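Student: Using only what follows, build the 3D model:
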Amino acid sequence: MIPTQDQARFLIECLPYIKRFNNQIVVIKYGGHAMTDESLKRAFALNIALLKYVGIKPVIVHGGGPQIKRMLGRLDIQSAFHEGLRITDDATMEIVEMILGGMTNKDVVNLLTLSGARAVGLSGKDSHLLTAKKQEAFTTNDKGETVPVDLGWVGEVTHVDTTLITTLIQNDFIPVIAPIAVDEQGNTYNINADSAAGAVASALKAKRFLLLTDVAGVLDKEKNLIPSISVNEADALFSDGTLTGGMIPKIKCCTDAVQNGVRKAMITDGRVENCILLELFTDKGLGTEITA
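Tutor: Numbering: from 1, shown residues only. As a prediction, the model looks like this:
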C-alpha cells in the first residue's frame with residue numbers, strides 16, 4: 001500500500017499534466033496484448049475513465065489481430081502478411097468485419113462503460129466516417145525488379161469525416177472506432193489499425209496520439225530503446241533497414257500525424273499496466289516519442 005503522503009505527492013505532481021491536457025483530444029490506438037490480458041484490459045479501461053474524469057477527451061481506435069487470427073484458424077482460412085499488413089481476400093474480409101466491427105468493438109465499449117465512462121462503438125462505415133482507397137504495395141523479385149503486391153481488400157484512408165466523432169465528444173461520449181472503411185463505390189476495406197488511428201488523430205488535430213504495442217517502443221539495431229526521434233530521423237531508420245515488419249506502418253502513421261498537426265505521437269508498451277497514465281502524466285514516459 002502506497003503511504004498517504006506519497007499518494008498526495010503523486011497527485012500534485014500530476015497537476016501540471018492534467019492542466020496541459022484539459023479539454024484536449026487524445027487519440028489512443030488500442031491493440032495487442034493489452035486487448036487480451038484481463039488485468040491489462042481492466043487497467044486500460046480505468047486509465048481511459050480517469051482521463052475522461054479529469055477533463056481529457058479520449059478517442060479510441062482499436063485493432064483485433066489476435067481475435068481475427070483465432071477465428072480464421074477455426075475456419076481454416078490461411079493468412080499471409082506483407083510488411084505487417086494482412087493480405088485480405090473476400091473470405092478474410094468477411095471475418096475481419098465481423099470481428100472488428102462486431103465482437104471486438106462492442107467488447108471495448110462494454111469494458112469502458114463498466115469502468116464508468118460512456119462509450120459508443122463505431123466503424124468507419126458509420127456515416128462514412130472513414131473513406132479509403134485500395135492500398136498499393138510493392139516488393140522486389142529474384143531479379144531485383146520492383147513488382148506490385150496485391151493486398152486484396154486492404155485500404156488506406158483518404159478522408160476522415162470528423163462530424164460524428166466531434167458530436168459524440170461534445171455530448172460527453174467516448175468514440176470507439178473499428179478500422180473498417182469504404183470507398184466511394186461502397187466497397188469495404190480492412191484498414192491497418194495504426195494507420196486508421198493516425199488518420200483520425202490528424203483529422204482531429206489531437207494533442208497526443210498514443211499507440212499501444214507489444215514492444216517497448218522503437219528499437220535500434222542493437223535492440224536498445226530509442227526514447228525520441230524526429231521525422232527526419234525516422235526516415236533514416238527506414239533507409240538503413242532498422243524498421244521492419246509491423247513497426248513500418250506504426251512509424252509511418254506517427255510521422256504522418258505529427259506532420260499533419262498532431263503535437264506529439266508516442267509508441268508505448270501496452271504490456272505495462274497503466275502505460276497511458278505513465279505516458280501522459282510523467283516526464284519520462286515508457287516508449288518512443290515521435291516529433292516534427
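Student: What ranges does the stretch 101-250 of the chain have for its strands?
Tutor: Assigned by DSSP state E, counting those that start in this stretch, the strands in the stretch 101-250 of the chain fall at 119-123, 130-134, 138-140, 146-148, 154-160, 174-178, 180-182, 188-191, 208-213, 228-230.
Student: Quick one: those as TSV, columns for distance to residue 62, mean pLDDT and mean neighbour count too.
Tutor: The C-beta positions use only the backbone N, C-alpha and C, and glycine is treated the same way. Formatted as TSV, the strands of the stretch 101-250 of the chain follow (distance: least, Cβ to Cβ, whole Å; pLDDT from 0 to 100; neighbours: other Cβ atoms under 10 Å):
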stretch	distance to residue 62	mean pLDDT	mean neighbour count
strand 119-123	9	97	21
strand 130-134	13	97	21
strand 138-140	29	85	10
strand 146-148	30	88	9
strand 154-160	15	96	21
strand 174-178	7	98	28
strand 180-182	11	97	24
strand 188-191	12	97	26
strand 208-213	10	94	28
strand 228-230	25	91	17
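Student: Now do the spatially most distant residue from the centre of the chain, the pLDDT please.
Tutor: Residue farthest from the centre of the chain, counting by Cα atoms, centre = their mean, is residue 143 at 36.5 Å. Residue 143 is assigned 83 on the pLDDT scale.
Student: Next, the contact list for it, please.
Tutor: By Cβ atoms under 8 Å, 6 or more residues apart in numbering, no residues touch residue 143.
Student: now swap in the one 4 residues further on and tell me
Tutor: Going by Cβ under 8 Å, 6+ apart, residue 147 touches 138, 139, 140, 141.
Student: Relative to residue 7, how far out is the third one?
Tutor: Okay, so that is residue 140. Residue 140 sits 56 Å away from residue 7, going by Cβ to Cβ, to the nearest Å.
Student: The first one too?
Tutor: As defined by Cβ to Cβ, residue 138 lies at a distance of 54 Å from residue 7.
Student: between the contacts of residue 147, which is nearest residue 99?
Tutor: residue 139 (27.3 Å; Cβ to Cβ).
Student: what pairs with the closest one across the strands?
Tutor: residue 147 (DSSP bridges).
Student: hang on, it packs against residue 82?
Tutor: Yes: if you go by Cβ atoms under 8 Å, residue 139 and residue 82 touch, sitting 7.1 Å apart.
Student: so what sits against both of these two?
Tutor: Counting by Cβ under 8 Å, 6+ apart, the residues touching both residue 139 and residue 82 are residue 149.
Student: got a list of what residue 69 touches?
Tutor: residue 79.
Student: From residue 275, how far off is it?
Tutor: Residue 69 is 23 Å from residue 275, by Cβ to Cβ.
Student: Same check on residue 141?
Tutor: 41 Å.
Student: Between those two, which has more neighbouring residues?
Tutor: The neighbour count for residue 141 versus residue 275, taken as other Cβ atoms under 10 Å, is higher for residue 275 (24 against 8).
Student: Spit out the contact partners of the closest residue to that one other than its chain neighbours.
Tutor: Spatial nearest neighbour of residue 275, chain neighbours left out: residue 268 (5.1 Å); criterion: Cβ to Cβ, 6 or more residues apart in numbering. Listed by Cβ under 8 Å, 6+ apart, the contact set of residue 268 reads 210-213, 217, 275-276, 278-279, 285-288.
Student: Next: residue 123.
Tutor: Contacts of residue 123 by Cβ under 8 Å, 6+ apart are 97, 100, 101, 105, 129, 130, 177, 178, 179, 180.
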